[in-house]
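>>> here you go, sequence then predicted model.
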Amino acid sequence: MKFDPITIKDKTGVEILLRNAQLADAKDLISYLDKTAEETPYTLREPGEVKLSIEEEEKIIQQKNDSKTELMLVAYDGEKHVGNCTLMALGKGSKLQHRCSVAIALYKEYWRRGIGKTMMTTVIDLAKRIGYEQMELDVICENKKAIALYESLGFEKCGSIPHCLKFKDGTYADSYMMVRKL
């Protein structure tokens, strides 16, 4: 999906550019997946598990850019990648076309600066304009700050998945399913 770039100011006064992912971002996006996995246990991968090639990531970016119902929104501080927020359709069948999901992560140094909230708000507004009726996400139960953010944006817990993630040390994390009516 094509998105007209916008510039926002974070809570520290830094200008952050929000725009479509571009093919040239592929390397940054692959590094981001690995680095955010190092910075928090709340992502779906362990550090070092990201095995995407540049070409594979470019294909994902192109698919999102060509879509009328999906978006990979990236945030940049100058030339530095800050994070991304992805809007995804839950399926192509007519029974699922009213639902979408969202995923977001930022580099730790950009947490609690209002960037994530702005990105989420932007994607929620876009989902409404597309015609989605319901937005969904999963969040690890221990991730209290993310849960508070999502609740402030109108998401409600609607269930949980026990042992959603299994860590290398053999421990588990449960997740909440959260839904927001659009």
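Good, I have the coordinates. Numbers count the residues shown, from 1 in each chain.

>>> going by C-alpha atoms from here, please, whenever you check contacts or count neighbours.
Will do.

>>> give me the local confidence score for the closest residue in space to R180 that isn't next to it in sequence.
Ranked by Cα to Cα, 6 or more residues apart in numbering and with sequence neighbours excluded, the top spatial neighbour of R180 is F155, at 4.4 Å. Listed pLDDT for F155 reads 98.

>>> run the chain-centre distance for the lowest-mean-pLDDT helix or strand in the chain.
The least trusted helix or strand in the chain, going by mean pLDDT, DSSP states H and E, turns out to be helix 26-39, with a mean of 92. Chain-centre distance of helix 26-39: 13 Å, with Cα atoms, centre = their mean, to the nearest Å.

>>> packing partners of that helix?
Identification of packing neighbours for helix 26-39 by 3 or more Cα pairs under 8 Å, 6 or more residues apart in numbering; DSSP states H and E yields helix 54-66.

>>> in the helix it packs on, what counts as buried?
Within helix 54-66, the residues that count as buried by 16 or more other Cα atoms under 10 Å are 54, 57-58, 60-62, 64-65.

>>> ok, stretch 110-117 next?
Here stretch 110-117 shows 110, 112, 115-117 as buried, counting by 16+ other Cα under 10 Å.

>>> re the thing from before, and the buried residues of helix 54-66, which is closest to K2?
N65 (6.0 Å; Cα to Cα).

>>> so what's the closest one up against?
Counting by Cα atoms under 8 Å, 6 or more residues apart in numbering, N65 touches 1-2, 20-21, 71-72.

>>> need those in JSON lines with distance to R99, can you?
Shown next, in JSON lines, are the contacts of N65 (distance: Cα to Cα, whole Å):
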{"residue": "M1", "distance to R99": "17"}
{"residue": "K2", "distance to R99": "20"}
{"residue": "N20", "distance to R99": "21"}
{"residue": "A21", "distance to R99": "22"}
{"residue": "L71", "distance to R99": "14"}
{"residue": "M72", "distance to R99": "17"}
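
>>> which non-adjacent residue is nearest A37?
P47 (5.1 Å).

>>> what about the one you found, how many neighbours?
Residues near P47, counting by other Cα atoms under 10 Å, number 16.

>>> that one reaches P41, doesn't it?
No. Look at P47 against P41 with Cα atoms under 8 Å: they stay out of range, at 9.5 Å.

>>> longest helix of this structure?
The residue-count maximum for a helix in the chain (DSSP state H) belongs to helix 115-130.

>>> what are the buried residues along that helix?
In helix 115-130, counting by 16+ other Cα under 10 Å, buried: 115-117, 119-120, 123-124, 126-127.
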